[in-house]
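*Asks:* the sequence isn't on hand, but the structure is:
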């Protein structure tokens, strides 16, 4: 495991995340011209229904598996036993999810005209369980995951243009979407035999697994509620225009958030492993590097997204959605708190078995979000939805930090972190100046955006070097002496 580079894995995971957003951005303009509005509505509604049953089948199994499985990865026989138990638990939760789905379809007359599309999307439940993606995360096999993702995305684009050519082809579109997202999980299952032996078993320690998995699941439900409640309550309390404006802002926000957070995802298995082995010094050293790297990436990203918010909206959508600019700026600030909340939760609380802290912070954040939405959305619309998301992320980050401050205090409050924060702040001012200058020189939004990003990255890097930023200098020296 020590031979696997976290930097390479972070790049690969970021690239895979980028592909997941690029795929719909490439395909949707074509799909929106070929299919009718009603067919796209059926597609989106069916997919939204399945998302809840996907969540039910998954429970909190992946996070629990990564935390507990990391300690066994040097013992193939013990890990195989653990993996078989987790897989079997997941099979049971999948069967429960399918049973409830079929009952839901059977007794809901509203879903009659969506049945076929829902059943196609329901294949995601089975293939997600079969894919055992958590095995690859535990062993940090991000190279395999990324190559596989690229291959299946490319095949899916080709299939889309071959089989979705006329109105009425929305079921084919649904099937191709499933193939793109989880089709490769068949390969996952068989390829996993190179890592461990996974089989179905009835020897499941229900008492040991049930409680921590359900606590994580409850936290996921709370997060899902406050993530989705903004859009739902906008539609209920305002109108479709507000929903459309907010959806564009959240689409751009999620792209940046997930790209900057890709570095966090790949470090979770390594930190879980170090925490399980109680290697405190190595654990704190890696956690410090992750926290510093996140600051270096996130602050300039927030500043850049805020400065180029208008250009981002015009590129992703059109001038009809320019009212999304202020919600996008508010949401961009939330990236900072959301990412560090994820750091405190996934890299500190969960590895140290403090998932109850995360459950509490998730519930309080969800309730706060919903209450504030009811109060503010009728007056301020999409801006209110963005603001309540920001407040909820701040609350969650603060509560998660308070729950692990005894474990993370030496990491966050040390001298290197403070020096890093100072240099990053100065570099971010450079980003603001660069964007301001470029926006006055170039009027074309594409040229303006490209030049602003390139110049900002260059100036930002030079400022960090000039201010002797430890992380930047360390990586620069490695590149020079390679």
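*Replies:* Sure thing, it's come through. This structure is a prediction, so every number in the text was calculated from the model and none was measured. Numbering: from 1, shown residues only.
*Asks:* rest of the way, CA atoms for contacts and neighbours
*Replies:* Will do.
*Asks:* quick check: mean pLDDT of stretch 88-101?
*Replies:* Averaged over stretch 88-101, pLDDT sits at 94.
*Asks:* so for that stretch, what gets flagged as buried?
*Replies:* Neighbour-count burial for stretch 88-101 flags 88-91, 93-94, 97-98, 101 (criterion: 16 or more other C-alpha atoms under 10 Å).
*Asks:* likewise for stretch 238-250?
*Replies:* 238, 242-250.
*Asks:* same question for stretch 413-430.
*Replies:* Going by neighbour count (16+ other C-alpha under 10 Å), the buried part of stretch 413-430 is 416-417, 419-421, 423-425, 427-428, 430.
*Asks:* list the contacts of it.
*Replies:* For stretch 413-430, the external contacting residues (C-alpha atoms under 8 Å, 6 or more residues apart in numbering) are 288, 292, 295-296, 299-300, 303, 411, 456, 459-461, 463-464, 467, 469-470.
*Asks:* distance from it to the middle of the chain?
*Replies:* With C-alpha atoms, centre = their mean, to the nearest Å as the basis, stretch 413-430 stands 26 Å off its chain's centre.
*Asks:* among the buried residues of stretch 238-250, which are in helices?
*Replies:* Among those, the members found in helices (DSSP state H) are 242-250.
*Asks:* export those to JSON lines and tack on pLDDT and distance to residue 220?
*Replies:* Rendered in JSON lines, the data for these read as follows (pLDDT from 0 to 100; distance: C-alpha to C-alpha, whole Å):
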{"residue": "242", "pLDDT": "81", "distance to residue 220": "26"}
{"residue": "243", "pLDDT": "76", "distance to residue 220": "23"}
{"residue": "244", "pLDDT": "74", "distance to residue 220": "25"}
{"residue": "245", "pLDDT": "82", "distance to residue 220": "26"}
{"residue": "246", "pLDDT": "83", "distance to residue 220": "22"}
{"residue": "247", "pLDDT": "77", "distance to residue 220": "21"}
{"residue": "248", "pLDDT": "78", "distance to residue 220": "24"}
{"residue": "249", "pLDDT": "84", "distance to residue 220": "23"}
{"residue": "250", "pLDDT": "83", "distance to residue 220": "19"}
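*Asks:* and the gap between the spatially most central residue of the chain and residue 252?
*Replies:* In the chain, the C-alpha nearest the mean C-alpha coordinate belongs to residue 258, at 4.8 Å (C-alpha atoms, centre = their mean). Residue 258 is 10 Å from residue 252, where distance means C-alpha to C-alpha, to the nearest Å.
*Asks:* kindly report the same for residue 321.
*Replies:* Applying C-alpha to C-alpha to residue 321 and residue 252 gives a distance of 12 Å.
*Asks:* where do the contact lists of those two overlap?
*Replies:* What both residue 321 and residue 252 touch, as defined by C-alpha under 8 Å, 6+ apart, is the set residue 313.
*Asks:* so of the contacts of stretch 413-430, which ones are in helices?
*Replies:* Counting by DSSP H, those contribute 288, 292, 295-296, 299-300, 303, 411, 456, 459-461, 463-464, 470 to helices.
*Asks:* so which helix or strand of this protein has the lowest pLDDT on average?
*Replies:* helix 6-34 (a mean of 71; mean pLDDT, DSSP states H and E).
*Asks:* for residue 451, give me its contacts.
*Replies:* Neighbours of residue 451 in contact, by C-alpha under 8 Å, 6+ apart: residue 438.
*Asks:* tell me where the stretch 101-250 of the chain has helices.
*Replies:* 115-131, 133-138, 142-163, 170-182, 185-191, 206-237, 240-260 (DSSP state H, counting those that start in this stretch).
*Asks:* switch those helices over to TSV; also include distance to residue 448.
*Replies:* Below are the helices of the stretch 101-250 of the chain laid out as TSV (distance: least, C-alpha to C-alpha, whole Å):
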stretch	distance to residue 448
helix 115-131	40
helix 133-138	38
helix 142-163	30
helix 170-182	33
helix 185-191	41
helix 206-237	31
helix 240-260	18
